[in-house]
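K.L.:
here is the input, now give the coordinates:
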Amino acid sequence: MKKSKIFSVVLAMFLILTLNVGAVRAADTARIYLDAVQAKSGIVTVSCKAENVGKISNGKLRITYAADKLHLVKTEAGDGLKKGNFQTVINDPIDGNKAEGEIVFVFASSREQEVSGNLVTMTFSASEKLDLKDTGLNLKAEEWNKTSGSDINVSIKDLQYRSEVIDKIEPTPTPEKKISLNATQIAEIEDQTYTGRAVRPGVTIQYKGKTLTEAKDYALTYKKNKKIGKASVTIKGIGEYEGSKTMTFYIAPRPPRIKKAVSDSRKKVSLCWSKKKQADGYQIKIARDKQFTRKVKIVNIKKNTKVKKTVKVKGKGRAKYYVRIRSYKIIDGKKHYGKFGYKKAVRVK
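P.N.:
Below is the predicted model of the structure:
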């Protein structure tokens, strides 16, 4: 073989190896990760970022966190996707599609596009002394650029997943004069229903006709809000507002299930329902319409042991009526009601 041919072969092999090494190194630098920052007010901002991932067409990210440490206030797509024509969907506790502690972020495009920077931003309310390393932040990519027939520049195995927590304190601008929470109007919190998880009702605060915004004007910290009974939420003013106030709310048992609703005699409905161990009693509501506004009859059952009752309806009977039942718990000497269960229709004789 001539020297020139040998040199050409060696040069070609060298170029192939160099390109392969370069591709591996580029893939090694591709990653998505979480970045969390806690402000002095207790508000935690978590950003999901992408670096060196190149062009992709779709992705599905699952972000989890400790629900007893963080309370989700807001989620929004980041600038890293707004540059391209991506369709985004966020399933989180705010829209009711996920339980507190989980967020699923999905994005897709009809063609591969450049993705870089912030993909999604989450704002949480937390206590001021929270250690971010104990928040359970975790990131998982369940789909990444899986469009059939397309070249996958960065696969899942090339990405480096991490929860990067930075305990950084951001200075809060101090206005000339802050407004005390004592000068605001805070609405009472309605009775809540037990869910098995932490119950976090929002609060409505107004100042001179303006409704305040959580994470901007105030932060919330909950206590004893998982079990049936008395719970509390502490409101702390931030931004233009200062001071704190603690509100009490009550968690009542879940509604019972109606096992039977029949009419065996004129203008009467015989009911049977499931027993709720932690309830002190029940309330039955029967009406002529689904909205429970016409010919309404309310009956209170004072004993938890009683799960059967025959109720005489209002009106002439001989029509379709609707019935629903809820549980109540006596706390601090007062009845606190949970939500009504599913309504059931019954044809009354």
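K.L.:
next up, the contacts around K302.
P.N.:
If a contact means CB atoms under 8 Å, 6 or more residues apart in numbering, then K302 has G281 as its contacts. For every residue, glycine as well, the C-beta is placed using N, CA and C.
K.L.:
okay but T246 is in contact with K236, surely?
P.N.:
No - under the criterion of CB atoms under 8 Å, T246 is not in contact with K236, lying 9.9 Å apart.
K.L.:
now do the closest residue to G317 other than its chain neighbours, the pLDDT please.
P.N.:
Spatially, and ignoring its direct neighbours in sequence, G317 is nearest to K267 (3.8 Å; CB to CB, 6 or more residues apart in numbering). Looking at K267, its pLDDT reads 93.
K.L.:
K267 and Y321: what is the separation?
P.N.:
K267 sits 10 Å away from Y321, going by CB to CB, to the nearest Å.
K.L.:
which one's more surrounded, these two?
P.N.:
Y321 (25 against 16; other CB atoms under 10 Å).
K.L.:
thought that one was touching K349?
P.N.:
No - contact criterion CB under 8 Å: Y321 and K349 do not qualify, at 10.8 Å.
K.L.:
quick one: common contacting residues for K267 and Y321?
P.N.:
Contacts common to K267 and Y321, judged by CB under 8 Å, 6+ apart, are V313, V348.
K.L.:
the helix or strand hosting T234 pairs with which strands, and in what direction?
P.N.:
Using DSSP states H and E, the secondary-structure element containing T234 is strand 229-237. Partner strands for strand 229-237, per DSSP bridges, with pairing direction: strand 218-223 (antiparallel), strand 244-252 (antiparallel).
K.L.:
for the shortest one, buried residues please.
P.N.:
When neighbours are counted by 16 or more other CB atoms under 10 Å, the buried residues of strand 218-223 are found to be Y218, A219, L220, T221, Y222.
K.L.:
cool, stretch 68-81 as well?
P.N.:
For stretch 68-81, a neighbour-count test (16+ other CB under 10 Å) marks K69, L70, H71, L72, V73, K74, T75, A77, G78, G80, L81 as buried.
K.L.:
in helices only, show me these.
P.N.:
G80, L81 (DSSP state H).
K.L.:
how about the buried residues of stretch 68-81 in a markdown table, adding distance to I205?
P.N.:
Shown next, in a markdown table, are these (distance: CB to CB, whole Å):
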| residue | distance to I205 |
| --- | --- |
| K69 | 23 |
| L70 | 21 |
| H71 | 16 |
| L72 | 19 |
| V73 | 14 |
| K74 | 17 |
| T75 | 22 |
| A77 | 28 |
| G78 | 29 |
| G80 | 34 |
| L81 | 33 |
